[in-house]
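J.: Okay, predicted coordinates and the sequence, questions at the end:
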Amino acid sequence: MFRKPRGTQDILPDDQTYWNYVRNTAETVAARFGYARIDTPLFESTDLFQRGVGDETDIVQKEMYSFEDNGGDSLTLRPEGTASVCRAYVENGMQNLPQPVRQFYLAPMFRYERPQAGRLRQHNQFGVEAIGDASATVDAEIIELGFSYLKRLDISDFTLRLNSLADPNEREPYLAKLSDYFSQYAGELPKVDLARLERAPLRLLDSKEQVTRKIGADAPKSLDYLGAASQEHWDQLVDLLDGLKTTFSEFDYHVDHRLVRGLDYYNRTVFEFEPRDAGGQGTMIAGGRYDPLIEILGGPATPGIGFGSGIERIILELKAQEISVPSADQLDAVIVSVGAARSAAARLATSLRSNAVAVVLAPERSFKAQMRYANQLGAVHTVILGEREMAANSATIKPMQGDSPQFEVPLDEVARSLSASRDGQLP
RNA sequence: GUGGGCGUAGUGUAGUGGUUAACACGUCAGGUUGUGGCCCUGAAGAUCGUGGGUUCGAUCCCCACCGUCCACCCCA
């Protein structure tokens, strides 16, 4: 038999309660901050990601699902969301909208990776992007949005790390200093980190190797290389976040000069929310400013900032914290009927559904088995249609929870009776 | 891409170099005439991940592959 491709998953009905909870929360919070939904294609021109994400990144070099279509074009299943949103921004003339343009997405991403907990080949992200405004107030807004999202999900015990990667022209001298610094210790660095020293010196900062971490503690900090403009931006952001601290008692952040990003397009502000006792793949939200990106993609220089949040990781954390999520829509009734009453039962089901009652017709089994069936489905009521009811043109309604007695109502009042009972149960 | 653990019915587990591979939950059917949940009885359901090899004989030993989990890498 077939099996699902490696690193993919079936999201079964039982798990959908988590997904609904997360998606609904994301939509609600996004709306509250004035972010509107955008959906972009599942695949894009390969070149968009090569240029946007960065040719040197692992994502582009070995993790993309790229293919050539019948017309000979090279396309790629999107590995991340920001490049597409920026492409859509330029392509659809969003420069002519009031700036910044605030958008969010809920969408699957694809990366050819070795699967493990919290890491899949197809995963889903809630992402937000604010494009067209370079001021630090937007940075603070995005971070507040991420905070509100986690709080509204009822997740606690998370930390927010913050850093500034400076602007590209400031980063060159910084990276040189950083390389120089680590080169002094080349003899002590483990093999993986020697490779990083060549390829991506920034990555040395968040290495998991003990030695490297120790050496990295005193490494040059990007924060010390900010130019006047990015320094002012940083100061404003810190000021705004301190303001948030006084508004939300649980809000906090800490500056971490080791926080870096794997995608090339980031500049200035970068941040991550992660569980306090984060394991390997813990990061729940990661984002930052990407002012150079749209120009890199061939558009007009346009600043932007946003974050991505892995829904699977959020759900892992919801489960880890044993957070209860709203249960699925309940089934109002199962109709139990035998013999001649079955066709009347089918008609009743149809009529109930058009009256907004959720109803299932029990399968053609013994009376007892049908009652069991109703119980297994967790229906609030059983509606019994038998010979007696047929003769009286009525139906018996039996509440399945608690021990209220069953009662009989005329057939045309079943819908009213069921919905009244349902509405009465709401708080 | 690297290293390690694991792979027995739908799910969770037990088990043995040699006749019909066990248990629990779940599923289905019964427990008399139209009433679920508890309980009782019964049934279905596993080519013991796949393919090689060792052996008279392998689910059990060895190898490869696949899958899964963990760590690295990378990242959400």
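T.: Done, it's in. Quick caveat: nothing in here was measured; it's all calculated off a predicted structure.
J.: Please count neighbours and contacts with C-alpha atoms only from this point.
T.: Will do.
J.: Please parse chain A into its domains.
T.: A:13-166+A:226-320, A:333-419 (automatic domain parsing).
J.: residue ranges with poor pLDDT in chain A?
T.: Residue ranges of chain A with pLDDT under 70: A:278-280, A:423-427.
J.: What helix or strand is the residue nearest to A:D69 when sequence neighbours are not counted located in?
T.: Using Cα to Cα, 6 or more residues apart in numbering and skipping residues adjacent in sequence, the residue nearest A:D69 is A:L75, 7.1 Å away. Using DSSP states H and E, the element containing A:L75 is strand A:74-77.
J.: Next, count neighbours for the residue of the stretch 101-250 of chain A found nearest RNA strand B.
T.: As assessed by Cα to the nearest atom of the strand, RNA strand B sits closest to A:A117 within the stretch 101-250 of chain A, at 2.9 Å. Using other Cα atoms under 10 Å, A:A117 is surrounded by 12 other residues.
J.: again with the one 10 residues further on
T.: In terms of burial, A:G127 registers 26 neighbours under the definition other Cα under 10 Å.
J.: any chance of the domains of chain A in a markdown table, with distance to A:V211 too?
T.: Below are the domains of chain A laid out as a markdown table (distance: least, Cα to Cα, whole Å):
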| stretch | distance to A:V211 |
| --- | --- |
| domain A:13-166+A:226-320 | 15 |
| domain A:333-419 | 57 |
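J.: Surely A:V383 is within a helix?
T.: No: counting by DSSP: H, G, I helix; E, B strand; the rest coil, A:V383 falls outside a helix, being strand.
J.: thought it was touching A:I335?
T.: Yes: the criterion here is Cα atoms under 8 Å, and A:V383 meets it with A:I335 at 4.7 Å.
J.: Find the nearest non-adjacent residue to the closest residue to RNA strand B within the stretch 151-300 of chain A, please.
T.: In the stretch 151-300 of chain A, the residue that lies nearest RNA strand B is A:G262 (2.9 Å; Cα to the nearest atom of the strand). Spatially, and ignoring its direct neighbours in sequence, A:G262 is nearest to A:T57 (6.9 Å; Cα to Cα, 6+ apart).
J.: residue contacts, the one you found?
T.: Neighbouring residues of A:T57 by Cα atoms under 8 Å, 6 or more residues apart in numbering: A:262-264.
J.: still on that earlier bit, the residue of the stretch 151-300 of chain A closest to RNA strand B: neighbour count?
T.: Other residues close to A:G262 by other Cα under 10 Å number 15.
J.: From A:E56, how far off is it?
T.: 10 Å (Cα to Cα, to the nearest Å).
J.: which residues pair with the residue nearest to A:D69 across the strands?
T.: A:S45, A:F67 (DSSP bridges).
J.: What number of residues are in the vicinity of it?
T.: 19.
J.: all strands of the stretch 301-427 of chain A, in order?
T.: Taking DSSP state E, counting those that start in this stretch, the strands of the stretch 301-427 of chain A run over residues A:304-310, A:333-337, A:359-361, A:381-385, A:394-399, A:407-410.
J.: would you turn those into a markdown table with mean neighbour count?
T.: A markdown table is the format used below for these (neighbours: other Cα atoms under 10 Å):
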| stretch | mean neighbour count |
| --- | --- |
| strand A:304-310 | 25 |
| strand A:333-337 | 27 |
| strand A:359-361 | 22 |
| strand A:381-385 | 26 |
| strand A:394-399 | 21 |
| strand A:407-410 | 14 |
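J.: Distance to A:L241 added to those strands, as a markdown table?
T.: A markdown table is the format used below for the strands of the stretch 301-427 of chain A (distance: least, Cα to Cα, whole Å):
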| stretch | distance to A:L241 |
| --- | --- |
| strand A:304-310 | 16 |
| strand A:333-337 | 51 |
| strand A:359-361 | 51 |
| strand A:381-385 | 52 |
| strand A:394-399 | 53 |
| strand A:407-410 | 60 |
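J.: between those, which one is nearest to A:D14?
T.: The closest of those to A:D14 is strand A:359-361. By Cα to Cα, the value is 18.3 Å.
J.: what packs against the closest one?
T.: strand A:333-337, helix A:341-354 (3 or more Cα pairs under 8 Å, 6 or more residues apart in numbering; DSSP states H and E).
J.: Tell me the gap between the first one and the middle of its chain.
T.: Distance of strand A:333-337 from the chain centroid (Cα atoms, centre = their mean, to the nearest Å) equals 39 Å.
J.: What of the longest one?
T.: When C-alpha coordinates are averaged (Cα atoms, centre = their mean), helix A:341-354 and its chain have centres 40 Å apart.
J.: hmm, that helix in reach of RNA strand B?
T.: No: in terms of Cα under 7 Å from any atom of the strand, no part of helix A:341-354 sits within range of RNA strand B; the closest distance is 9.4 Å.
J.: Now do that helix against strand A:381-385, angle only.
T.: Interaxial angle of helix A:341-354 relative to strand A:381-385 (axes from the mean of the first three to the mean of the last three Cα atoms, to 10 degrees): 140 degrees.
J.: got the angle for helix A:341-354 vs strand A:394-399?
T.: 70 degrees.
J.: contacting residues around helix A:341-354?
T.: With Cα under 8 Å, 6+ apart, helix A:341-354 has contacts from A:335-337, A:358-361, A:385-387, A:390, A:411, A:414-415.
J.: Check the shortest one too.
T.: When contacts are taken as Cα under 8 Å, 6+ apart, the neighbours of strand A:333-337 outside the stretch itself are A:345, A:349, A:357-362, A:367, A:370-371, A:374, A:379-386.
J.: circling back: what sits against the residue nearest to A:D69?
T.: Neighbours of A:L75 in contact, by Cα under 8 Å, 6+ apart: A:43-46, A:66-69.
J.: go on, A:Y290?
T.: A:265-268, A:303-305 are the contacts of A:Y290 under Cα under 8 Å, 6+ apart.
J.: Please repeat the previous calculation with a cut-off of 7 Å.
T.: A:265-267, A:303-305 (Cα atoms under 7 Å, 6 or more residues apart in numbering).
J.: Identify the residues contacting the closest residue to it other than its chain neighbours.
T.: The shortest distance from A:Y290 to any non-neighbouring residue, by Cα to Cα, 6+ apart, is to A:Y266 (4.4 Å). Residues near A:Y266 by Cα under 7 Å, 6+ apart: A:288-290.
J.: Considering only the residues you listed, which also neighbour RNA strand B?
T.: Of these, not one also sits near RNA strand B (Cα under 7 Å from any atom of the strand).
J.: how about the residues of the stretch 301-427 of chain A near RNA strand B?
T.: Counting by Cα under 7 Å from any atom of the strand, the stretch 301-427 of chain A sits next to RNA strand B at A:308-313, A:365-369, A:371-376, A:384-389, A:396, A:398-403.
J.: Which among those residues count as buried?
T.: Among these, those classed as buried by 16 or more other Cα atoms under 10 Å are A:308-313, A:367, A:371, A:373-375, A:384-386, A:389, A:396, A:398-400.
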